[in-house]
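**Student:** Any chance you could fold what I've pasted below:
(2 chains)
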Amino acid sequence: MTAKLPTLSSQYEAKTTETKWQTFWEANEVFKADPKQAGDYFSIVTPPPNVTGSLHMGHAFNTALIDTIVRYQRMLGKNVLCLPGTDHASIAVQTIVEKQLKAEGKTRADLGREKFLERTWEWKKESGGTITGQLRRLGLSADWSRERFTLDPKLSESVLEAFVQLHSEGLIYRGNYLVNWCPASQSAVSDLEVDNREIDGNLWHFRYPITGTKDFIEVATTRPETMLGDTAVAVNPTDDRYKALVGKTVTLPLQNREIPIIADEYVDASFGTGCVKITPAHDTNDFEMGKRHDLPFINVMNKDGSMNENAGEFEGLDRFDARKAVVVALEAAGNLVKIEPYKTTLPYSERGGVPIEPLLSTQWFVNTAPLAQKALADLDERNSPEYVPDRWKKVYRDWLVNLKDWCISRQLWWGHQIPAWYAVEETGGVITDSTPFVVAKNSKEAAKLAEAKFGKVVKLEQDPDVLDTWFSSGLWPFSTLGWGTEEQSDYDRYYPTSTLVTGFDIIFFWVARMTMMGRHFTEAMPFDQVYIHGLVRDENGAKMSKSKNNGVDPLVLIDEYSTDALRYTLIREVAGAGQDISLQLNRKLYNQRVKDRAAGKEPPAPTPGSKDNSLSESVEASRNFTNKLWNASRFVLMNLEGQTPEQLGTPDTAKLELCDRWILSRYHQVTKALRENLDQYSLGEAAKQLYEFIWGDFCDLYIELVKYRLQGEEGESKLVAQQTLALVLEGTLKLLHPFMPHITEEIWHTVVQKEATGQVSLALESYPESNPALIDADLESQFELLIGTIRTIRNLRTEAGIKPGEKIEALLQSENDRERTTLESGQIYIQNLARVKKLSITNPSASKPLDPPATKPATTPSPDLTAGTLKDRKAWADRTWLEKLDLRDLADDLLDYLANYQKLAITLWGITLTILAFNVLKAAFNGVHRVAIVSDLLEDIGFFYTIFFVKDNLLKSTDRQRTFGNLKKLKGDLFGEAAPAVEAVAETVAAPIVTPSPTTPSPTHPEPDDLRSVGDHRQTFAGVVGTVQVLIPLDGLVDITALKAKLEKDLTRAQNEAQSVRGRLSNQKFVAQAPEEVVQGAKNALAEAEKQAELIQARLSML
RNA sequence: AGUCCUGUAGCUCAACGGUAGAGCGCUUCUCUUACAAAGAAGAUGUUGUAGGUUCGAUUCCUAUCAGGAUUACCA
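**Tutor:** Numbering: from 1, shown residues only, chains lettered A, B, ... in the order given. Below is the predicted model:
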């Protein structure tokens, strides 16, 4: 043990602490995976963020979820690999760099491919560093030694391997098809890079003259300029209106081209005129039809979106100018019928920000059907991968079924260059659609292959295009582990990976590609489970997006509130089925913070109490939670007197006091629930449970309940409290660690007093296990009554306007033995937490009270039985022996005293003397039939107390509970009260087995006299909890109106409850058909409600 | 248009078919020696609407309204 006591500073410094642990974890390689380590493994490859700039809130959310899962699995003792990395994001990154060049007045062509790539790598270095730095600040417990980038040599090798293999299997081909063409970036783009927007457009109606007649056929289009490439007009074969025309031709206006009228099922006769113009080179549906009917494909557009030579007089016009020009020309020619406004959704290029053009071009494609079939079989036959939540499985499945071939070539430079080499001499020195080629991993192999193929050495040129980024992303789960390279130890150990954590928005584009590729290349699903989460929505519930400019930088919130607070907020929000989560934010303040950050200013220190000053209320609440944990830990540390949980040891079960047993029961209950929730990815639920346990149970109740023991004398009771506090705190830190890794690590090291090393870290501790033997549901519900009683007394205090600091008297009356036993065993708790100096617990119907239990206002204040300060006890001891006697109360108080100061009473001497005292009392009692009404009776206790005090620490191990019980029995004998049997009491205290009420009230109702007995002497405030009547006698004036109002409110509530339950019970079918326990529960509830109403009614009638 | 998800307190969300809870916010009181970034007490609901099944529906079914996601877009 160190010389100075371990403490926590009064203020938690989140920023320095978090940086400290992030640095520590990484420097000590705490999270480095070791394939050689035995045991089950748990591996996650993180979804690689694009190296385009910085992380947004969605990344923070994803990372928080991943890390919580990963840390939990690590604490379960698994061999964990969490592999981080980034994605090269061809088109996004190239767009950024080209923009930079443009600002300098240059183009990529000016630089040339090599120089351009150099420059892009430079950019990647900076941006990639920003990204991984942010992941580190989020506390991601990744193995940074295994960080990967999709363009790493080894990953690129995997890409080559995959491409060559797929090509050799005939699953990759080169062909002329329609692709999503982005004229702005002049590249094909994937469906994912397309953003469908609904826009207000027009529907233009044209008429095409039927060749050889004066008739016309009317067609409509949203893109008039495409008519220049029309090669047919189609009608439905069953459409009687046009049947006769099929086989004839129309003359295409402006182009004067004869095009056929064809019949095709695709045409919907009921829409518009039932005639469709067919442009196979510019529309996907038309493309299919063109193939079916063997139509010519006339491309009228250039790659930059301008019209080409096939557009005739419109050549050179931009597509939108051409649109206008075509309409004008058609109108002039009398072919325009009408223009009607029309809502349509247009695909926009996410990158270029312009409408996508379906364009016919020669590209590389993956034949996905055979790949998808394997993945589909795994899903249908083995439910692999398993989706959490399950409903996303359907979305995934639909995609696999409806899949189209995948265009994988991009007309870009940044990325994996397609490993195809063209024998350009065959086609005049340039690559054309028909240039022969070979596919190989490198130019050397390509040369060899080409030589074999052509029988001579030929000049080869590599395809200038690069692969779709998703191609390499599809390999990510195994390419990162060394698949297809020399070093496969990680692959052998950690593949297939355990869980993929990602957003639902990329199930198709990424998840499905990984499963197809993984299944094909590794014969295994790349992950066992897929955990799908939602998006982070902004303060108005809107999706965050660049175009709306409503994104939120997680670092701004981290600077303001800490990483732990942000992580916890995000996770706590997680509802069930992959729902979106929302983030509360003061946008105005946020914008200010962003500005400040840019200017290098720190966020201002929080000013408590001021409203409208919260950047994010929800994150602030989490920050307050960290603060709560910090302060509670401070308190515990202050009271452990320098001892670690290990040094203190586990508390002896037999010596646990009621609240110790309760908090341990709660702790094990929560541990159990937490493990279950974490196992099934109910992270939000888990986070909330911990919050409630830490704040509600541990801080607000347990700590308050044990304070008097900690502040009291050294001894067993104090030791057990310390042991329990230490045990629960350390366990709780472990439970919370996956959610809030930094603060828990900091507190833990202080608590256990262990220097942090690569082997000693909370992150490497075992996750707590639940001990079912310590879970006691009965005990917990008994506690409910105690807490309810405390709350009722506090409520009465408030209603009566009693000052918070003032100590009061209270009387608890219940006819229910179990209730009374519970109240008695928790008496000290009620006294401490409800600030009651004198508490009586009686059975109003058992025997006529000899005298009113509460007496007239004491002229000299009663010594405080509860506070337990030395001062009080001194004052108490100073009393003189035998001023006046109320023997019954004396006995009560003697027992109170023992209950409160059990640790003092443990000496044999003390007990002996107490028993002696009882015998003295007995003797006295026998001689006195009527006992004086005196409230100040405790002088005599002072006498005993002095003796106890002297002998205080002589003996340690006595079954004080049993003795206490015996004393109670003795008291019962003396006064004829229905004191619980000795055994019952002993067990109540040491191991409560008392079943909580379903209260079965006794048939005898309290006499009004009973109730009045208190009120006769003083004004009394009253409330009811369970069937316990809580009475607070008051001195001075009482606000009768307030009291009445309160009682009436209670009465209404009780009557309503009774009424409702009565209604249910009077339904014969309910009684007959509902399960026994439900009916019984209703009966109990009715009895309790009726009892409550009765008690309140009686009390009310006395006013 | 199809499919899916969601409608519960002012906000964000809970509630094996058993009669609705929590956090934040709000109101009142309190700076009590872990914590005012706190503590104590309190108020707040035709569970979107209408039917149905059931002894009993926030929960299951049908219809409907509203919001969202997604796929496909009819030219």
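
**Student:** looking only at pLDDT, what's the mean for stretch A:1084-1092?
**Tutor:** On average, the pLDDT along stretch A:1084-1092 is 87.

**Student:** Can I get that stretch as CSV, trimmed to CA atoms?
**Tutor:** Only the C-alpha atoms of stretch A:1084-1092 are listed here, as CSV (Å, rounded to 0.1, in the frame of the first residue of the first chain):
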residue,chain,number,x,y,z
ASN,A,1084,-54.4,-8.5,-3.8
ALA,A,1085,-54.3,-5.2,-5.6
LEU,A,1086,-58.0,-4.7,-4.8
ALA,A,1087,-57.5,-5.5,-1.2
GLU,A,1088,-54.6,-3.2,-0.9
ALA,A,1089,-56.3,-0.4,-2.7
GLU,A,1090,-59.4,-0.8,-0.5
LYS,A,1091,-57.4,-0.9,2.6
GLN,A,1092,-55.6,2.2,1.5
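
**Student:** what about residue A:812, which SS state?
**Tutor:** strand (DSSP: H, G, I helix; E, B strand; the rest coil).

**Student:** RNA strand B contacts on the stretch 201-350 of chain A?
**Tutor:** A:203, A:219-223, A:266-274, A:276-277, A:283-285, A:342, A:344-345 (Cβ under 7 Å from any atom of the strand). Every residue, glycine included, has its C-beta placed from N, CA and C.

**Student:** Domain-wise, how is chain A divided?
**Tutor:** Taking automatic domain parsing as the domain assignment, the ranges for chain A are A:181-358, A:617-775, A:778-1002.

**Student:** is it true that residue A:750 touches residue A:12?
**Tutor:** No: contact criterion Cβ atoms under 8 Å: residue A:750 and residue A:12 do not qualify, at 11.6 Å.

**Student:** These two - which one has more neighbours?
**Tutor:** residue A:12 (22 against 17; other Cβ atoms under 10 Å).

**Student:** Need the pLDDT of that one.
**Tutor:** pLDDT, read off for residue A:12, is 92.

**Student:** Quick check: buried residues in stretch A:416-426?
**Tutor:** A:416-424 (16 or more other Cβ atoms under 10 Å).

**Student:** CA-only coordinates of that stretch in PDB, if you can.
**Tutor:** What follows is stretch A:416-426 as a C-alpha-only set of coordinates in PDB (Å, rounded to 0.1, in the frame of the first residue of the first chain):
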ATOM      1  CA  HIS A 416      -6.500  -0.300 -58.500                       C
ATOM      2  CA  GLN A 417      -5.700  -0.200 -62.200                       C
ATOM      3  CA  ILE A 418      -7.400  -2.900 -64.100                       C
ATOM      4  CA  PRO A 419      -4.900  -5.700 -64.800                       C
ATOM      5  CA  ALA A 420      -5.700  -6.200 -68.500                       C
ATOM      6  CA  TRP A 421      -3.200  -5.600 -71.200                       C
ATOM      7  CA  TYR A 422      -4.200  -4.800 -74.700                       C
ATOM      8  CA  ALA A 423      -2.400  -5.700 -77.800                       C
ATOM      9  CA  VAL A 424      -2.900  -2.300 -79.200                       C
ATOM     10  CA  GLU A 425      -1.100  -2.900 -82.500                       C
ATOM     11  CA  GLU A 426      -4.000  -5.100 -83.500                       C
END
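
**Student:** where among the domains of chain A is the average confidence lowest?
**Tutor:** Looking at those, the bottom one is domain A:778-1002 with a mean of 51.

**Student:** Let me see the contact set for the most centrally placed residue in chain A.
**Tutor:** Closest residue to the average C-alpha location of chain A: residue A:571 at 2.4 Å, with Cα atoms, centre = their mean. Going by Cβ atoms under 8 Å, 6 or more residues apart in numbering, residue A:571 touches A:64-65, A:68, A:683-684, A:687, A:739.

**Student:** Out of these, flag the one nearest to RNA strand B.
**Tutor:** residue A:684 (6.8 Å; Cβ to the nearest atom of the strand).

**Student:** beta partners for the residue of the stretch 101-250 of chain A found nearest RNA strand B?
**Tutor:** Proximity of the stretch 101-250 of chain A to RNA strand B (Cβ to the nearest atom of the strand) peaks at residue A:221, 3.3 Å away. With beta bridges defined as DSSP bridges, residue A:221 has these partners: residue A:204.

**Student:** And for it, the neighbour number?
**Tutor:** Neighbours of residue A:221 (other Cβ under 10 Å): 20.

**Student:** so who does residue A:681 touch?
**Tutor:** Neighbours of residue A:681 in contact, by Cβ under 8 Å, 6+ apart: A:69, A:388, A:531.

**Student:** Is it possible to get JSON lines of those residues that adds pLDDT, secondary structure and distance to residue A:723?
**Tutor:** Converted to JSON lines, the contacts of residue A:681 look like this (pLDDT from 0 to 100; DSSP: H, G, I helix; E, B strand; the rest coil; distance: Cβ to Cβ, whole Å):
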{"residue": "A:69", "pLDDT": "95", "secondary structure": "helix", "distance to residue A:723": "32"}
{"residue": "A:388", "pLDDT": "87", "secondary structure": "strand", "distance to residue A:723": "39"}
{"residue": "A:531", "pLDDT": "92", "secondary structure": "strand", "distance to residue A:723": "39"}
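
**Student:** from these, which is closest to RNA strand B?
**Tutor:** residue A:388 (14.1 Å).

**Student:** wait, doesn't that closest one sit right on residue A:531?
**Tutor:** Yes: contact criterion Cβ under 8 Å: residue A:388 and residue A:531 qualify, at 4.8 Å.

**Student:** returning to what we had before: which one of the buried residues of stretch A:416-426 is nearest to residue A:1026?
**Tutor:** Among the buried residues of stretch A:416-426, residue A:416 lies closest to residue A:1026 (Cβ to Cβ), at 71.8 Å.

**Student:** Check what pLDDT the closest one gets.
**Tutor:** Residue A:416 is assigned 98 on the pLDDT scale.
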